[in-house]
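Asker: Turn this into a structure:
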Amino acid sequence: MPFPKVDRIKFEANPLVEVVCQLNFATSIQDETTLDEIAQKLHSKLREAFPQFKKQQSHDVFIDRTKGHVKTATKPTYIFEAIDISERIIYTSEFISIVTTKYETKEKFFGLVDRVVEGLSENNFMTPLKRVGLRYKDIIQKSKLANVDMTTEWSELLNSTLAAVFIEKDLSSYVNGFNTNLLLELAGTSLPGRLASNYGIVTEESTKEECFLIDSDFYAEGFFTYKSARTFLNEANIKSRNYFHWCLTPKLYIALRPTGI
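Answerer: Here you go, the predicted model:
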(Lines give C-alpha, C1' and ligand atoms only; values in the text may rest on other atoms or scores of the structure.)
Protein backbone atom coordinates (compact mmCIF):
# COMPACT_ATOMS: atom_id res chain seq x y z
CA MET A 1 0.00 0.00 0.00
CA PRO A 2 1.23 3.54 -0.71
CA PHE A 3 1.26 4.59 2.94
CA PRO A 4 4.63 5.73 4.34
CA LYS A 5 6.05 3.87 7.30
CA VAL A 6 5.82 5.78 10.57
CA ASP A 7 7.19 5.33 14.05
CA ARG A 8 5.06 3.95 16.81
CA ILE A 9 3.61 6.76 18.95
CA LYS A 10 0.78 7.42 21.40
CA PHE A 11 -1.92 10.08 21.02
CA GLU A 12 -2.97 11.92 24.18
CA ALA A 13 -6.26 12.78 22.44
CA ASN A 14 -6.66 9.22 21.24
CA PRO A 15 -9.52 8.94 18.72
CA LEU A 16 -9.52 5.12 18.83
CA VAL A 17 -12.89 3.96 20.18
CA GLU A 18 -12.84 0.22 19.41
CA VAL A 19 -10.50 -2.57 18.31
CA VAL A 20 -11.74 -5.99 17.23
CA CYS A 21 -9.83 -9.15 16.36
CA GLN A 22 -12.01 -11.84 14.81
CA LEU A 23 -11.02 -15.40 13.95
CA ASN A 24 -13.42 -17.34 11.70
CA PHE A 25 -13.22 -21.12 11.95
CA ALA A 26 -12.92 -23.23 8.80
CA THR A 27 -15.22 -25.84 10.34
CA SER A 28 -18.09 -25.20 12.71
CA ILE A 29 -19.45 -27.22 15.61
CA GLN A 30 -23.18 -27.74 15.28
CA ASP A 31 -23.83 -29.63 18.51
CA GLU A 32 -24.95 -27.15 21.16
CA THR A 33 -23.90 -29.37 24.05
CA THR A 34 -20.33 -29.40 22.72
CA LEU A 35 -20.41 -25.64 22.25
CA ASP A 36 -21.62 -25.22 25.82
CA GLU A 37 -18.73 -27.35 27.05
CA ILE A 38 -16.17 -25.34 25.05
CA ALA A 39 -17.62 -22.02 26.25
CA GLN A 40 -17.62 -23.10 29.90
CA LYS A 41 -14.03 -24.34 29.79
CA LEU A 42 -12.84 -21.25 27.95
CA HIS A 43 -14.59 -18.97 30.41
CA SER A 44 -13.05 -20.80 33.37
CA LYS A 45 -9.60 -19.93 31.99
CA LEU A 46 -10.52 -16.26 31.48
CA ARG A 47 -12.89 -15.72 34.41
CA GLU A 48 -10.54 -13.45 36.37
CA ALA A 49 -10.52 -10.82 33.60
CA PHE A 50 -14.01 -11.63 32.29
CA PRO A 51 -16.21 -12.56 35.25
CA GLN A 52 -19.49 -11.96 33.46
CA PHE A 53 -20.86 -14.80 31.33
CA LYS A 54 -23.91 -14.62 29.09
CA LYS A 55 -25.48 -17.02 26.63
CA GLN A 56 -27.79 -15.66 23.95
CA GLN A 57 -29.69 -17.22 21.09
CA SER A 58 -29.49 -15.73 17.61
CA HIS A 59 -32.01 -16.57 14.91
CA ASP A 60 -31.20 -17.03 11.22
CA VAL A 61 -34.01 -17.12 8.69
CA PHE A 62 -33.57 -19.13 5.47
CA ILE A 63 -36.03 -18.81 2.60
CA ASP A 64 -36.42 -21.55 -0.04
CA ARG A 65 -38.06 -19.57 -2.83
CA THR A 66 -38.53 -22.59 -5.08
CA LYS A 67 -40.64 -24.39 -2.48
CA GLY A 68 -41.95 -21.34 -0.69
CA HIS A 69 -40.64 -22.59 2.66
CA VAL A 70 -39.21 -20.50 5.49
CA LYS A 71 -36.86 -22.14 7.95
CA THR A 72 -35.51 -20.62 11.16
CA ALA A 73 -32.27 -21.82 12.74
CA THR A 74 -31.28 -20.96 16.31
CA LYS A 75 -27.62 -20.61 17.20
CA PRO A 76 -26.05 -19.91 20.60
CA THR A 77 -23.72 -16.97 21.21
CA TYR A 78 -21.52 -16.85 24.30
CA ILE A 79 -20.30 -13.51 25.67
CA PHE A 80 -17.64 -12.97 28.35
CA GLU A 81 -17.35 -9.42 29.68
CA ALA A 82 -15.09 -7.42 31.98
CA ILE A 83 -16.74 -5.71 34.95
CA ASP A 84 -16.69 -2.32 33.22
CA ILE A 85 -17.71 -3.91 29.86
CA SER A 86 -14.68 -2.30 28.20
CA GLU A 87 -13.51 -5.74 27.01
CA ARG A 88 -15.52 -8.70 25.83
CA ILE A 89 -15.17 -12.00 24.03
CA ILE A 90 -17.86 -13.27 21.68
CA TYR A 91 -17.82 -16.98 20.86
CA THR A 92 -20.03 -18.85 18.39
CA SER A 93 -19.75 -22.03 16.35
CA GLU A 94 -18.38 -19.98 13.45
CA PHE A 95 -16.02 -17.42 14.99
CA ILE A 96 -14.50 -15.90 18.09
CA SER A 97 -14.06 -12.13 18.52
CA ILE A 98 -11.96 -10.21 21.03
CA VAL A 99 -13.21 -6.64 21.49
CA THR A 100 -11.93 -3.68 23.50
CA THR A 101 -13.14 -0.10 23.81
CA LYS A 102 -10.12 0.86 25.94
CA TYR A 103 -7.18 -0.06 23.76
CA GLU A 104 -3.85 0.57 25.50
CA THR A 105 -1.04 -1.24 23.68
CA LYS A 106 -0.72 -3.93 21.05
CA GLU A 107 1.16 -6.07 23.58
CA LYS A 108 -1.79 -6.08 25.96
CA PHE A 109 -4.40 -6.66 23.26
CA PHE A 110 -2.52 -9.38 21.40
CA GLY A 111 -1.66 -10.97 24.75
CA LEU A 112 -5.38 -11.33 25.34
CA VAL A 113 -5.87 -12.80 21.85
CA ASP A 114 -3.12 -15.33 22.59
CA ARG A 115 -4.73 -16.34 25.90
CA VAL A 116 -8.05 -16.91 24.18
CA VAL A 117 -6.48 -19.12 21.52
CA GLU A 118 -4.46 -20.95 24.19
CA GLY A 119 -7.70 -21.69 26.02
CA LEU A 120 -9.22 -23.18 22.88
CA SER A 121 -6.09 -25.14 21.99
CA GLU A 122 -5.67 -26.67 25.45
CA ASN A 123 -8.92 -28.54 24.95
CA ASN A 124 -8.38 -29.28 21.25
CA PHE A 125 -11.10 -26.81 20.30
CA MET A 126 -8.98 -24.68 17.98
CA THR A 127 -9.67 -25.54 14.33
CA PRO A 128 -7.95 -24.17 11.21
CA LEU A 129 -9.11 -20.70 10.21
CA LYS A 130 -10.70 -19.34 7.05
CA ARG A 131 -10.51 -15.65 7.95
CA VAL A 132 -8.60 -13.39 10.33
CA GLY A 133 -9.46 -9.74 10.80
CA LEU A 134 -8.09 -6.81 12.79
CA ARG A 135 -10.41 -3.81 12.85
CA TYR A 136 -9.82 -0.30 14.19
CA LYS A 137 -12.53 2.33 14.63
CA ASP A 138 -11.35 5.93 15.07
CA ILE A 139 -13.68 8.88 15.57
CA ILE A 140 -12.24 12.36 15.14
CA GLN A 141 -14.00 14.94 17.36
CA LYS A 142 -13.00 18.57 16.92
CA SER A 143 -14.08 19.37 20.49
CA LYS A 144 -11.34 17.06 21.82
CA LEU A 145 -8.50 18.43 19.71
CA ALA A 146 -5.82 20.91 20.74
CA ASN A 147 -5.83 24.28 18.96
CA VAL A 148 -8.82 23.34 16.81
CA ASP A 149 -12.25 24.93 17.04
CA MET A 150 -15.61 23.81 15.67
CA THR A 151 -15.31 26.06 12.61
CA THR A 152 -12.17 24.28 11.39
CA GLU A 153 -12.84 22.66 8.03
CA TRP A 154 -12.42 18.90 7.67
CA SER A 155 -10.26 19.62 4.62
CA GLU A 156 -7.69 21.16 7.02
CA LEU A 157 -7.58 18.02 9.16
CA LEU A 158 -7.85 15.09 6.77
CA ASN A 159 -5.94 13.77 3.78
CA SER A 160 -7.36 15.25 0.59
CA THR A 161 -8.49 11.80 -0.57
CA LEU A 162 -10.76 11.42 2.47
CA ALA A 163 -11.87 15.06 2.51
CA ALA A 164 -12.37 15.51 -1.24
CA VAL A 165 -16.03 16.49 -0.87
CA PHE A 166 -15.06 19.29 1.54
CA ILE A 167 -12.38 20.71 -0.73
CA GLU A 168 -14.93 21.66 -3.37
CA LYS A 169 -16.09 24.99 -1.89
CA ASP A 170 -19.26 25.22 -3.99
CA LEU A 171 -20.35 21.87 -2.58
CA SER A 172 -18.92 21.71 0.95
CA SER A 173 -21.38 24.13 2.56
CA TYR A 174 -24.26 21.89 1.49
CA VAL A 175 -22.85 18.60 2.75
CA ASN A 176 -24.96 17.14 5.56
CA GLY A 177 -23.17 13.80 5.52
CA PHE A 178 -21.33 11.29 3.38
CA ASN A 179 -19.92 7.78 3.64
CA THR A 180 -17.30 6.08 1.46
CA ASN A 181 -16.00 2.51 1.19
CA LEU A 182 -12.45 1.74 0.12
CA LEU A 183 -11.06 -1.73 -0.62
CA LEU A 184 -7.32 -2.17 -1.14
CA GLU A 185 -4.98 -5.13 -1.48
CA LEU A 186 -2.27 -5.33 1.19
CA ALA A 187 1.29 -5.60 -0.08
CA GLY A 188 4.11 -7.29 1.80
CA THR A 189 2.04 -9.46 4.16
CA SER A 190 2.58 -13.16 4.81
CA LEU A 191 -1.05 -13.94 3.93
CA PRO A 192 -2.90 -12.37 0.98
CA GLY A 193 -4.68 -9.56 2.78
CA ARG A 194 -6.94 -6.60 2.17
CA LEU A 195 -7.96 -3.36 3.80
CA ALA A 196 -11.67 -2.55 3.85
CA SER A 197 -12.00 1.03 5.04
CA ASN A 198 -15.23 2.90 5.66
CA TYR A 199 -14.99 6.59 6.39
CA GLY A 200 -17.26 9.61 6.56
CA ILE A 201 -19.35 11.90 8.71
CA VAL A 202 -21.05 10.56 11.86
CA THR A 203 -22.91 12.31 14.68
CA GLU A 204 -21.97 11.95 18.35
CA GLU A 205 -25.19 10.78 19.98
CA SER A 206 -25.20 12.82 23.20
CA THR A 207 -23.84 16.16 21.93
CA LYS A 208 -24.91 15.92 18.26
CA GLU A 209 -21.40 17.00 17.29
CA GLU A 210 -20.37 16.29 13.71
CA CYS A 211 -17.44 13.86 13.78
CA PHE A 212 -15.38 11.92 11.26
CA LEU A 213 -15.22 8.11 11.36
CA ILE A 214 -12.30 6.07 10.02
CA ASP A 215 -13.24 2.38 10.26
CA SER A 216 -10.44 0.11 9.02
CA ASP A 217 -10.65 -3.68 8.73
CA PHE A 218 -7.42 -5.48 7.83
CA TYR A 219 -8.16 -9.09 6.95
CA ALA A 220 -6.99 -12.24 5.17
CA GLU A 221 -9.08 -15.13 3.86
CA GLY A 222 -8.12 -18.66 2.89
CA PHE A 223 -7.23 -21.74 4.92
CA PHE A 224 -4.48 -21.33 7.52
CA THR A 225 -3.33 -22.03 11.07
CA TYR A 226 -3.41 -19.64 14.00
CA LYS A 227 0.39 -19.35 13.81
CA SER A 228 0.04 -17.90 10.30
CA ALA A 229 -2.86 -15.72 11.43
CA ARG A 230 -0.83 -14.39 14.35
CA THR A 231 1.98 -13.33 12.03
CA PHE A 232 -0.57 -11.54 9.88
CA LEU A 233 -1.99 -9.75 12.93
CA ASN A 234 1.42 -8.27 13.70
CA GLU A 235 1.75 -7.13 10.10
CA ALA A 236 -1.79 -5.72 10.07
CA ASN A 237 -1.05 -3.72 13.21
CA ILE A 238 1.83 -1.97 11.44
CA LYS A 239 -0.25 -1.45 8.28
CA SER A 240 -3.02 0.10 10.35
CA ARG A 241 -0.62 2.57 11.95
CA ASN A 242 0.73 3.64 8.56
CA TYR A 243 -2.76 3.98 7.09
CA PHE A 244 -4.16 6.03 9.97
CA HIS A 245 -1.25 8.45 9.92
CA TRP A 246 -1.70 8.81 6.15
CA CYS A 247 -5.30 9.88 6.81
CA LEU A 248 -4.15 12.86 8.91
CA THR A 249 -2.87 16.26 7.90
CA PRO A 250 0.07 17.67 9.93
CA LYS A 251 -2.42 19.97 11.65
CA LEU A 252 -4.57 17.08 12.88
CA TYR A 253 -1.52 15.02 13.83
CA ILE A 254 -0.34 17.81 16.15
CA ALA A 255 -3.87 18.41 17.47
CA LEU A 256 -4.04 14.76 18.60
CA ARG A 257 -1.00 15.48 20.83
CA PRO A 258 1.44 12.69 19.87
CA THR A 259 3.97 11.41 22.39
CA GLY A 260 6.64 8.71 22.23
CA ILE A 261 6.23 5.18 23.54
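
Asker: Which strands border the host helix or strand of His59, and is each parallel or antiparallel?
Answerer: Secondary structure here is read from DSSP states H and E; on that basis His59 sits in strand 52-64. The sheet places strand 52-64 alongside strand 69-81 (antiparallel), with pairing taken from DSSP bridges.

Asker: Quick one: residues contacting Thr189.
Answerer: Taking Cβ atoms under 8 Å, 6 or more residues apart in numbering as the contact definition, Thr189 lies against 220, 232, 235-236, 239. Any C-beta I mention is one placed from the backbone N, CA and C, and that applies to glycine too.

Asker: now those residues in a markdown table, with neighbour count, secondary structure and distance to Glu185?
Answerer: Conversion of the contacts of Thr189 to a markdown table gives the following (neighbours: other Cβ atoms under 10 Å; DSSP: H, G, I helix; E, B strand; the rest coil; distance: Cβ to Cβ, whole Å):
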| residue | neighbour count | secondary structure | distance to Glu185 |
| --- | --- | --- | --- |
| Ala220 | 24 | strand | 11 |
| Phe232 | 24 | helix | 14 |
| Glu235 | 19 | helix | 13 |
| Ala236 | 28 | helix | 13 |
| Lys239 | 24 | helix | 11 |
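
Asker: and of the residues you listed, the nearest to Thr92?
Answerer: When the contacts of Thr189 are compared for distance to Thr92 (Cβ to Cβ), Ala220 comes out closest, at 20.0 Å.

Asker: helix or strand right after the worst-scoring helix or strand of the chain on mean pLDDT?
Answerer: Lowest mean confidence among the helices and strands of the chain (mean pLDDT, DSSP states H and E): helix 169-172, at a mean of 58. With elements assigned by DSSP H and E, the helix or strand that comes after helix 169-172 is strand 179-185.

Asker: tell me what that following strand is packed against?
Answerer: Under the contact criterion of 3 or more Cβ pairs under 8 Å, 6 or more residues apart in numbering; DSSP states H and E, the helices and strands touching strand 179-185 comprise strand 193-203.

Asker: Outside of the strand it packs on itself, list whatever touches it.
Answerer: Among residues not part of strand 193-203, those counted as contacts by Cβ under 8 Å, 6+ apart are 1, 139, 162, 175-186, 209-220, 232, 235-236, 239, 243, 247.

Asker: Pull out the buried members of those residues.
Answerer: Listed as buried from these are 139, 162, 184, 186, 210-220, 232, 235-236, 239, 243, 247; burial here means 16 or more other Cβ atoms under 10 Å.

Asker: Please name the residues that touch the residue nearest to Ser240 when sequence neighbours are not counted.
Answerer: Nearest non-adjacent residue to Ser240, counting by Cβ to Cβ, 6 or more residues apart in numbering: Tyr136, 5.3 Å away. Contacts of Tyr136 were listed using Cβ under 8 Å, 6+ apart, and they are 16, 18-19, 214-216, 240, 244.

Asker: Redo the residues you listed as TSV? Include distance to Ala26 and secondary structure.
Answerer: Compiled in TSV, the contacts of Tyr136 are given as follows (distance: Cβ to Cβ, whole Å; DSSP: H, G, I helix; E, B strand; the rest coil):
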residue	distance to Ala26	secondary structure
Leu16	30	strand
Glu18	26	strand
Val19	24	strand
Ile214	31	strand
Asp215	26	strand
Ser216	25	strand
Ser240	25	helix
Phe244	31	helix
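
Asker: now the residue nearest to Ser240: how far from Asn179?
Answerer: Computed as Cβ to Cβ, to the nearest Å, the Tyr136 to Asn179 distance reads 17 Å.

Asker: Please report how far Gln30 lies from Cys21.
Answerer: From Gln30 over to Cys21 the distance is 24 Å, taken as Cβ to Cβ.

Asker: And those two? Which one has more around it.
Answerer: More crowded of Gln30 and Cys21, by other Cβ atoms under 10 Å: Cys21, with 21 against 10.
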